[in-house]
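Asks: I would like to see how this sequence folds:
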Amino acid sequence: MHAGKEIFYIPNLVSIFRLVLLIPVCYLLLEHFESKNTLIIILVLCMYFSDLLDGFLARRLNQISEAGKIIDPLADKISVAAITLILIVLGKIPLWFALIVLIRDVLIFSFGLYLNKKRDVRLMSNIPGKLAVFTIGLVLLLAIVNTGLSRDIMTYMIFISLALIIYSSYLYFIRFRKAITI
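Replies: This is a model prediction of the structure:
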């Protein structure tokens, strides 16, 4: 099938929908709609489930595409970056944690572009990387919930997330080095 038509694959449209959901999430967060926290949480959970759904649909419908391999992680990184930046501005997450998350995403994206361009290789995410992203998302969600209990849990999740970020980044770097020496 023509590569331009891949964008209209159902899993790719689900990934694009995730970016569309980001607009009201960012608006509500920036407008301090704490009375609408339930709506924000529902939208963020819809974004999360759309991330699970696009991968499932890609495999189930046999619509794994080169476009999807770019759109899905890009939608994830844009969503995490936007929400993270807003939560920094609102003072709901520590700046140092946000910087680690954003630098990790920029490095993975940059290494991925390099490998794609120079070696025509795309490194798929691994289990520790998926767990790191899950815990990062959980930290962001707990910051949005912003209750005493959620802040306590968030503190622990930040350190669990940090350990997973370090471990998964180390594994990614090893895979990157192997890919550039081939």
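
Asks: now the lengthiest helix in the chain: buried residues?
Replies: Using DSSP state H, we find that the single longest helix of the chain is helix 148-181. Within helix 148-181, the residues scored as buried using 16 or more other C-beta atoms under 10 Å are 154, 157-158, 161-162, 164-165, 168-169, 172, 175-176, 179. C-beta: built from backbone N, CA, C; applies to glycine.

Asks: same question, stretch 103-113
Replies: By 16+ other C-beta under 10 Å, the buried positions in stretch 103-113 come out as 104-105, 108, 111-112.

Asks: likewise for stretch 18-26?
Replies: Buried positions in stretch 18-26, judged by neighbour count with 16+ other C-beta under 10 Å: 18-19, 21-22, 25-26.

Asks: for the residues you listed, which one is nearest residue 124?
Replies: residue 18 (18.8 Å; C-beta to C-beta).

Asks: tell me what the one helix or strand the closest one maps to is packed against?
Replies: Here residue 18, judged by DSSP states H and E, is contained in helix 10-30. Counting contacts by 3 or more C-beta pairs under 8 Å, 6 or more residues apart in numbering; DSSP states H and E, helix 10-30 packs against helix 37-60, helix 66-89.

Asks: what inclination does the first one have with respect to helix 10-30?
Replies: Using axes from the mean of the first three to the mean of the last three C-alpha atoms, to 10 degrees, the inter-axis angle of helix 37-60 relative to helix 10-30 is 170 degrees.

Asks: just the C-alphas of helix 37-60, formatted as PDB.
Replies: Only the C-alpha atoms of helix 37-60 are listed here, as PDB (Å, rounded to 0.1, in the frame of the first residue of the first chain):
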ATOM      1  CA  ASN A  37     -10.100  17.500  38.000                       C
ATOM      2  CA  THR A  38     -12.400  14.500  37.300                       C
ATOM      3  CA  LEU A  39     -12.700  15.600  33.600                       C
ATOM      4  CA  ILE A  40      -9.000  16.100  33.300                       C
ATOM      5  CA  ILE A  41      -8.300  12.700  34.800                       C
ATOM      6  CA  ILE A  42     -10.800  11.100  32.400                       C
ATOM      7  CA  LEU A  43      -9.200  12.700  29.400                       C
ATOM      8  CA  VAL A  44      -5.700  11.700  30.500                       C
ATOM      9  CA  LEU A  45      -6.900   8.100  31.100                       C
ATOM     10  CA  CYS A  46      -8.500   8.200  27.600                       C
ATOM     11  CA  MET A  47      -5.100   9.300  26.200                       C
ATOM     12  CA  TYR A  48      -3.400   6.400  28.100                       C
ATOM     13  CA  PHE A  49      -5.900   3.800  26.900                       C
ATOM     14  CA  SER A  50      -5.600   5.200  23.300                       C
ATOM     15  CA  ASP A  51      -1.900   4.400  23.500                       C
ATOM     16  CA  LEU A  52      -2.700   0.800  24.500                       C
ATOM     17  CA  LEU A  53      -5.400   0.600  21.900                       C
ATOM     18  CA  ASP A  54      -3.300   1.800  18.900                       C
ATOM     19  CA  GLY A  55      -0.700  -0.900  19.500                       C
ATOM     20  CA  PHE A  56      -3.400  -3.600  19.900                       C
ATOM     21  CA  LEU A  57      -5.200  -2.500  16.800                       C
ATOM     22  CA  ALA A  58      -2.000  -2.300  14.800                       C
ATOM     23  CA  ARG A  59      -1.300  -6.000  15.600                       C
ATOM     24  CA  ARG A  60      -4.900  -7.200  15.400                       C
END
